[in-house]
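Undergrad: the sequence isn't on hand, but the structure is:
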Ligand SMILES: [Zn+2]
């Protein structure tokens with residue numbers, strides 16, 4: 001029973017502002033420690049639930065946030081960026097279930113701390129087969145391609161609702177804060193969230209072992225992706241991607257049969273749009 005913990009930072013205990021999650025800011029060292037603590041609580045819960053191996057992927061920004069010297073010694077850590085499978089690196093390495101820790105709501109969601117989809121400067125919306133997707137849905141579909149379900153999510157209440165909407169009510173969720181706007185939340189302190197996350201992660205693995213976890217999440221083919229960029233210049237640049245089609249206004253569309261290709265196309269279009 002091998003578990004992948006795919007970690008992001010905006011949904012970590014106490015985070016409410018970009019300054020707390022971007023390197024170089026005075027608060028950042030505190031919050032990378034809190035990120036490491038949330039991940040460690042997840043590792044403890046996963047092993048307590050019956051996991052035999054746990055690997056962690058640091059998916060925030062440059063992938064260099066989690067403090068390896070403090071990570072639970074039973075786990076391994078994928079760090080650095082870019083990596084072929086980005087936020088879900090290692091999902092292709094014989095993983096049985098994935099946990100999204102410190103995740104956040106999709107761009108435009110109401111009462112979601114630091115809501116965005118990959119880049120809040122470039123992307124104002126992402127749709128797959130005409131359904132609005134955030135990072136949870138997109139990364140979840142990539143995991144589904146490898147036949148791996150998302151079994152747990154942690155973050156604010158809006159993220160918890162989003163993962164239930166995408167992956168079903170059988171997913172276990174740990175709500176560590178209640179957002180009251182994009183940049184403010186009522187936050188539980190680490191002493192409470194550590195216990196909560198550990199308990200929820202444990203239940204998620206027990207559910208997986210007993211066949212009660214969500215099924216792998218997949219999208220129907222052909223897969224149509226639509227990206228709305230913040231500025232028309234970004235859409236101009238992104239449409240230079242081979243086989244991409246400029247739709248109306250700031251939107252670019254791309255069609256493929258494989259979510260792995262869609263994932264690469266999305267990231268390439270965002271790089272072009274920079
Ligand atoms: Zn992030």
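TA: Okay, I see it. Because the structure is a prediction, the values reported are computed rather than measured.

Undergrad: okay, CA-based contacts and neighbour counts for the rest of this
TA: Noted.

Undergrad: for the chain, which residues are neighbours of the ion?
TA: 8, 9, 60 (Cα under 5 Å from the ion).

Undergrad: ok, so of those, who is nearest residue 173?
TA: Among those, residue 8 lies closest to residue 173 (Cα to Cα), at 15.0 Å.

Undergrad: wouldn't the closest one be in contact with residue 101 here?
TA: Yes: at 6.2 Å, residue 8 and residue 101 qualify as touching, with contact defined as Cα atoms under 8 Å.

Undergrad: report how many residues lie close to the residue of the stretch 1-150 of the chain found nearest the ion.
TA: Here the stretch 1-150 of the chain gets closest to the ion at one residue, residue 60, 4.0 Å apart by Cα to the ion. When neighbours are counted by other Cα atoms under 10 Å, residue 60 registers 24.

Undergrad: now it: closest residue in space that isn't a chain neighbour?
TA: residue 8 (4.8 Å; Cα to Cα, 6 or more residues apart in numbering).

Undergrad: ok, now which ones touch the one you found?
TA: 58, 59, 60, 100, 101, 102, 103 (Cα atoms under 8 Å, 6 or more residues apart in numbering).

Undergrad: if we use 7 Å, what do you get?
TA: 58, 59, 60, 101, 102, 103 (Cα atoms under 7 Å, 6 or more residues apart in numbering).

Undergrad: pLDDT at the third one, what is it?
TA: Right, the one you point to is residue 60. You'll see residue 60 listed with a pLDDT of 98.

Undergrad: how about it, secondary structure?
TA: Following DSSP: H, G, I helix; E, B strand; the rest coil, residue 60 is assigned to coil.

Undergrad: mind listing the residues bridging to whichever residue of the stretch 151-274 of the chain sits closest to the ion?
TA: Relative to the ion, the nearest point of the stretch 151-274 of the chain is residue 155 (11.6 Å; Cα to the ion). Applying DSSP bridges to residue 155 gives these bridge partners: residue 175.

Undergrad: is it correct that it is in contact with residue 175?
TA: Yes: contact criterion Cα atoms under 7 Å: residue 155 and residue 175 qualify, at 5.4 Å.

Undergrad: can you lay out the residues of the chain next to the ion as JSON lines showing distance to residue 248?
TA: Output for the residues of the chain next to the ion, formatted as JSON lines (distance: Cα to Cα, whole Å):
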{"residue": "8", "distance to residue 248": "32"}
{"residue": "9", "distance to residue 248": "33"}
{"residue": "60", "distance to residue 248": "31"}
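
Undergrad: mind listing what residue 86 touches?
TA: Counted by Cα under 7 Å, 6+ apart, residue 86 has contacts residue 59.

Undergrad: so which residues of the stretch 151-274 of the chain form strands?
TA: Assigned by DSSP state E, counting those that start in this stretch, the stretch 151-274 of the chain shows strands spanning 172-179, 185-187, 223-229, 245-246, 251-256.

Undergrad: which elements pack onto the shortest one?
TA: Using 3 or more Cα pairs under 7 Å, 6 or more residues apart in numbering; DSSP states H and E, the elements in contact with strand 245-246 are strand 251-256.

Undergrad: also the first one?
TA: Contact partners of strand 172-179 among helices and strands, from 3+ Cα pairs under 7 Å, 6+ apart: strand 150-156, helix 157-167, strand 185-187, helix 190-209.

Undergrad: and with 10 Å instead?
TA: strand 97-101, strand 150-156, helix 157-167, strand 185-187, helix 190-209 (3 or more Cα pairs under 10 Å, 6 or more residues apart in numbering; DSSP states H and E).

Undergrad: of those, which is nearest residue 43?
TA: helix 190-209 (7.6 Å).

Undergrad: between the closest one and strand 150-156, how many degrees?
TA: 160 degrees (axes from the mean of the first three to the mean of the last three Cα atoms, to 10 degrees).

Undergrad: list the contacts of the residue nearest to residue 126 when sequence neighbours are not counted.
TA: Once flanking residues are discounted, residue 126 sits nearest to residue 227: 4.7 Å by Cα to Cα, 6+ apart. By Cα atoms under 10 Å, 6 or more residues apart in numbering, the contact list for residue 227 reads 122-128, 132, 235, 238, 246-247, 250-254, 266, 269-270.
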